[in-house]
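S.K.: What shape does this take:
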Amino acid sequence: MANGRNLHAPGTPQAAAAEGVPADDLAAEALRRHLAHRELEDLGEYGRGQAERLGYTEADVLRLIDESRREREA
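M.R.: Numbering: from 1, shown residues only. The predicted model follows:
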């Protein structure tokens, strides 16, 4: 890695070789995906909290989407 720190993850060299990419690239992609997944989980948690606060249920979702789309088209 460019900053001189080493990351050790078992199996990384073998997985990188199998994918035909440098181990650093494989590790960077894995971290990027992990952070994106975590961000999506956080967003879902926020959305569930907002829905609960506003009293919405899963049954309201399609109706709310339709209403929002109609408002934007008007």
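S.K.: name the element the residue nearest to A9 when sequence neighbours are not counted belongs to?
M.R.: Leaving out its chain neighbours, the residue that sits closest to A9 by C-beta to C-beta, 6 or more residues apart in numbering is A27, at 6.5 Å. Every residue, glycine included, has its C-beta placed from N, CA and C. Using DSSP states H and E, A27 maps to helix 23-54.
S.K.: Residues in contact with stretch 28-35: which ones?
M.R.: For stretch 28-35, contacts defined as C-beta atoms under 8 Å, 6 or more residues apart in numbering pick out A9.
S.K.: How far does it sit from its chain's centre?
M.R.: Centre-to-centre, stretch 28-35 and its host chain are 9 Å apart (C-alpha atoms, centre = their mean, to the nearest Å).
S.K.: before we move on, the earlier item: flag every buried residue along the helix holding A27.
M.R.: 23, 26-27 (16 or more other C-beta atoms under 10 Å).
S.K.: Tell me which helix or strand comes right after that helix.
M.R.: helix 61-73.
S.K.: Now do that next one and helix 23-54, the angle between them.
M.R.: 90 degrees (axes from the mean of the first three to the mean of the last three C-alpha atoms, to 10 degrees).
S.K.: For helix 61-73, C-alpha coordinates in CSV please.
M.R.: Extracted in CSV, the C-alpha atoms of helix 61-73 (Å, rounded to 0.1, in the frame of the first residue of the first chain):
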residue,chain,number,x,y,z
VAL,A,61,-44.6,2.4,0.5
LEU,A,62,-46.1,1.9,-3.0
ARG,A,63,-48.8,4.5,-2.4
LEU,A,64,-46.2,7.1,-1.2
ILE,A,65,-44.0,6.4,-4.2
ASP,A,66,-46.9,6.9,-6.5
GLU,A,67,-47.9,10.1,-4.8
SER,A,68,-44.4,11.4,-5.0
ARG,A,69,-44.1,10.6,-8.7
ARG,A,70,-47.4,12.3,-9.4
GLU,A,71,-46.3,15.5,-7.5
ARG,A,72,-43.1,15.6,-9.5
GLU,A,73,-44.9,15.2,-12.8
